[in-house]
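Participant: dropping the sequence and predicted coords here.
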There are 2 protein chains.
Amino acid sequence: MKRLLTGVIALPLLILFILKASVFVFACFVGLLVLLGLGEFYRMALPKRPVVGTVASLSGMLVLPVLVSPELLLRFVPVPAGNGVLLALTLLFSAVAIFFLFSIRDIRQSAAEAGLIWLGFAYVPLLLSHLVLLRALPDGVSWVFLMLLIVMSGDTAAYYVGSTLGRRKLYPIVSPNKSIEGALGGLCGSLAGTLIAKYTFLHQLTVVDCVVTALAVGALGQVGDLFESLLKRSFGVKDSGIIIPGHGGILDRLDSILFAAPALYYYAYLVVMAR
Amino acid sequence: MKRLLTGVIALPLLILFILKASVFVFACFVGLLVLLGLGEFYRMALPKRPVVGTVASLSGMLVLPVLVSPELLLRFVPVPAGNGVLLALTLLFSAVAIFFLFSIRDIRQSAAEAGLIWLGFAYVPLLLSHLVLLRALPDGVSWVFLMLLIVMSGDTAAYYVGSTLGRRKLYPIVSPNKSIEGALGGLCGSLAGTLIAKYTFLHQLTVVDCVVTALAVGALGQVGDLFESLLKRSFGVKDSGIIIPGHGGILDRLDSILFAAPALYYYAYLVVMAR
């Protein structure tokens, strides 16, 4: 019930925001998601290191603009083209390495802790940067809506098909409630989503595009969902956070999008735009 | 004695190689170092996952050209300029995530294992890519020699000053044999190295350049040495490998260079070349 109420309030607001926000405002919103998502990640991954988690979350947010647009950095530092990403990552690595070198708690854990910092950077800002790139494409608003449609109609269909027809477990070690029937239902839901997009606001999609993106992006969205479950089980927590009433944490909401956004962006850029 | 013999044979060969090798051949050599270095890293970090380590080492070597020159990738995939690094990292992340999702040994270790894969990528190919960038600068051969001079004269001076005058421990939890006196002696050795370079083959350096690079690059080299000790202690091993007779592993030789090369590259590019 709480879940439904949040949806009824939040979804129209989200749609309105995507329709009205400029690329810059949208990018700032994604920056906020990175900050909150990384905050949750590090609270799970390094529960005994709250200050490190906060600093790493802020750094991850600051890396986002460099990942989205390495040229931005060139206005301030004249590094060779494209190597803005390299410079940012090198500075980050040196800072992380020096920090862990001089703040040892249990030396046997130091390398694993430094590794988890990097896992967070790769998981949240690296993947979410594609959301900004997707919005910055021509027809960016439509592409963002397509991604939400694929993920949300997939999630919804998976939930209803799974809870009515679900017999065979999909991957019980990682996610005990998911069924193979639900996963296949989810893909059909994603396909319905892409077809709705094609016949309403993204006419440039062919039927082949719809099938390919529904299967690839929808399947990667489901993989993203499983991967977040793996992380939570690996860290021994149930929800990634409590920020959204009835929906768990930010990462619980973003998990599919994290993996779906890059796939849809590269498909849009390399296949659809290239025609 | 073994150590001395290896040095007498290997050092002249290394000097000859750097003098004669083209940028491309030098880059291939660095690629080989990345492969061997990552191989060692993953044997220490994930001793029970030899196949994962081998695949990750090969992937790290393949990422090197993209890090060095994102434009290279653009010849094959028309991604927006500079985002070649983003594409490569996103593909890598997805592959690592999906692999760990579907090859769980102990689920409580999965996140830490995935993190260690990323720590390796950041530690070896990210940092070593600057060695290729350094060689590709105008006067690249001289800059590579300067880096070796700073690191090697620093190491040698630290060893002799530390073993004759060393009283106060530098950082015993990480490296019990190092002394503060040795570290300071090392910086003086690095300074001597930069001055030799200035008066023989790198006349464009000012005295200020020599002092700044000796202190910054020399100190980062020492930090790199400590960081590798931290990694080895964290993984519970003594030498990173046994590839070089009397010298331990590849990483035992590269540890200072890993941190020194980026610092010298950015100093050369952003300060000296910009004049």
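Facilitator: That came through, no problem. Numbering: from 1, shown residues only, chains lettered A, B, ... in the order given.

Participant: now do the closest residue to A:A192 other than its chain neighbours against chain B, distance only.
Facilitator: Residue nearest to A:A192 in three dimensions, not counting chain neighbours: A:S153, with 5.7 Å by Cβ to Cβ, 6 or more residues apart in numbering or on different chains. Every C-beta, even on glycine, is put in place using the N, C-alpha and C of the backbone. Distance from A:S153 to chain B, counting by Cβ to the nearest Cβ, to the nearest Å: 22 Å.

Participant: and for A:S153, the neighbour number?
Facilitator: 23 (other Cβ atoms under 10 Å in any protein chain shown).

Participant: A:L133 touches A:Y265, doesn't it?
Facilitator: Yes. With contact defined as Cβ atoms under 8 Å, A:L133 reaches A:Y265; the gap is 5.2 Å.

Participant: which ones are touching A:S57?
Facilitator: Residues near A:S57 by Cβ atoms under 8 Å, 6 or more residues apart in numbering or on different chains: A:34-35, A:38-39, A:42.

Participant: now the strands for the stretch 151-275 of chain A?
Facilitator: A:169-171, A:175-179 (DSSP state E, counting those that start in this stretch).

Participant: could those be laid out in a markdown table, adding mean neighbour count and mean pLDDT?
Facilitator: Listed next are those as a markdown table, based on neighbours: other Cβ atoms under 10 Å in any protein chain shown; pLDDT from 0 to 100:
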| stretch | mean neighbour count | mean pLDDT |
| --- | --- | --- |
| strand A:169-171 | 17 | 84 |
| strand A:175-179 | 17 | 84 |
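
Participant: dump the ones you listed into a markdown table; add distance to chain B as well.
Facilitator: Shown next, in a markdown table, are the strands of the stretch 151-275 of chain A (distance: least, Cβ to the nearest Cβ, whole Å):
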| stretch | distance to chain B |
| --- | --- |
| strand A:169-171 | 8 |
| strand A:175-179 | 10 |
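
Participant: distance to B:Y199 added to those, as TSV?
Facilitator: Shown next, in TSV, are those (distance: least, Cβ to Cβ, whole Å):
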stretch	distance to B:Y199
strand A:169-171	66
strand A:175-179	66
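
Participant: nearest to B:I98 among those would be which one?
Facilitator: strand A:169-171 (12.3 Å; Cβ to Cβ).

Participant: what's the closest one in contact with?
Facilitator: With contact meaning Cβ under 8 Å, 6+ apart, strand A:169-171 is reached by A:176, A:178-180, A:182-183, A:226.

Participant: related to what we said a few turns ago, A:L258 is nearest to which of the strands of the stretch 151-275 of chain A?
Facilitator: strand A:175-179 (15.9 Å).

Participant: partners of the closest one in the sheet?
Facilitator: strand A:169-171 (antiparallel) (DSSP bridges).

Participant: now the stretch 1-150 of chain A against chain B: closest residue?
Facilitator: The stretch 1-150 of chain A approaches chain B most closely through A:G115 (3.0 Å), counting by Cβ to the nearest Cβ.

Participant: show me what contacts that residue?
Facilitator: B:45, B:112, B:114-119.

Participant: rerun at 6 Å
Facilitator: B:115-116, B:119 (Cβ atoms under 6 Å, 6 or more residues apart in numbering or on different chains).

Participant: check which helix or strand covers it.
Facilitator: helix A:107-121 (DSSP states H and E).

Participant: how about low-confidence regions in the stretch 101-250 of chain A?
Facilitator: By pLDDT under 70, the weakly predicted segments of the stretch 101-250 of chain A are A:239-248.

Participant: so the helix or strand where A:V55 lies versus helix A:107-121, what angle?
Facilitator: According to DSSP H and E, A:V55 maps onto helix A:50-68. Helix A:50-68 and helix A:107-121 are oriented at 40 degrees to each other (axes from the mean of the first three to the mean of the last three Cα atoms, to 10 degrees).

Participant: list the buried residues of helix A:50-68.
Facilitator: A:52-53, A:55-57, A:59-61, A:63-68 (16 or more other Cβ atoms under 10 Å in any protein chain shown).

Participant: likewise for stretch A:42-52?
Facilitator: Within stretch A:42-52, the residues scored as buried using 16+ other Cβ under 10 Å are A:42-46, A:49, A:52.

Participant: can you give me the end-to-end span of that stretch?
Facilitator: 8 Å (Cα to Cα, to the nearest Å).

Participant: same question for that stretch, mean pLDDT?
Facilitator: For stretch A:42-52, mean pLDDT rounds to 90.

Participant: how about residues contacting it?
Facilitator: With Cβ under 6 Å, 6+ apart, stretch A:42-52 has contacts from A:53, A:56, A:116, A:120, A:235, A:237.

Participant: please redo it, this time with the cut-off set to 10 Å
Facilitator: Here stretch A:42-52 makes contact (Cβ atoms under 10 Å, 6 or more residues apart in numbering or on different chains) with A:38-39, A:53-57, A:60, A:96, A:99-100, A:103, A:105-106, A:109, A:112-117, A:119-120, A:123-124, A:231-232, A:234-237, A:239-241, A:249, A:251, B:111-112, B:115.

Participant: in contact with whichever residue of the stretch 151-275 of chain A sits closest to chain B, which residues?
Facilitator: In the stretch 151-275 of chain A, the residue that lies nearest chain B is A:S234 (3.8 Å; Cβ to the nearest Cβ). A:S234 sits next to A:44-45, A:174, B:100, B:104, B:106-115 when contact means Cβ under 10 Å, 6+ apart.

Participant: find the nearest non-adjacent residue to it, please.
Facilitator: In space, A:S234 is closest to B:A111, 3.8 Å off (Cβ to Cβ, 6+ apart).

Participant: please tell me how far the one you found sits from A:L230.
Facilitator: Separation of B:A111 from A:L230 (Cβ to Cβ, to the nearest Å): 7 Å.

Participant: which residues does A:S110 contact?
Facilitator: Residues near A:S110 by Cβ under 10 Å, 6+ apart: A:100-101, A:103-104, B:174, B:227, B:230-231, B:233-235.

Participant: next step: these restricted to helices.
Facilitator: Counting by DSSP state H, the part of the contacts of A:S110 found in helices is A:100-101, B:227, B:230-231, B:233-235.

Participant: enumerate every residue touching A:G166.
Facilitator: Applying Cβ under 10 Å, 6+ apart, the residues near A:G166 are A:158-160, A:177-183, A:185.

Participant: of the residues you listed, buried ones?
Facilitator: A:158-159, A:178-179, A:181-183, A:185.

Participant: which one of those is nearest A:F17?
Facilitator: Looking across these and measuring by Cβ to Cβ, the closest to A:F17 is A:Y159, at 24.7 Å.

Participant: residue contacts, the closest one?
Facilitator: Applying Cβ under 10 Å, 6+ apart, the residues contacting A:Y159 are A:166, A:177-178, A:182, A:185-186, A:189.

Participant: where does the residue nearest to A:V66 when sequence neighbours are not counted sit relative to A:V151, distance-wise?
Facilitator: Spatial nearest neighbour of A:V66, excluding adjacent residues (Cβ to Cβ, 6+ apart): A:A88 at 4.3 Å. Using Cβ to Cβ, A:A88 is found at 29 Å from A:V151.

Participant: from A:L11, how far off is A:L4?
Facilitator: Applying Cβ to Cβ to A:L4 and A:L11 gives a distance of 11 Å.

Participant: let me redo that: A:S69
Facilitator: To A:L11, A:S69 is 29 Å away according to Cβ to Cβ.

Participant: so which of the two has more stuff around it?
Facilitator: Legend: neighbour count by other Cβ under 10 Å for A:S69 and A:L11, higher for A:S69 (21 against 12).
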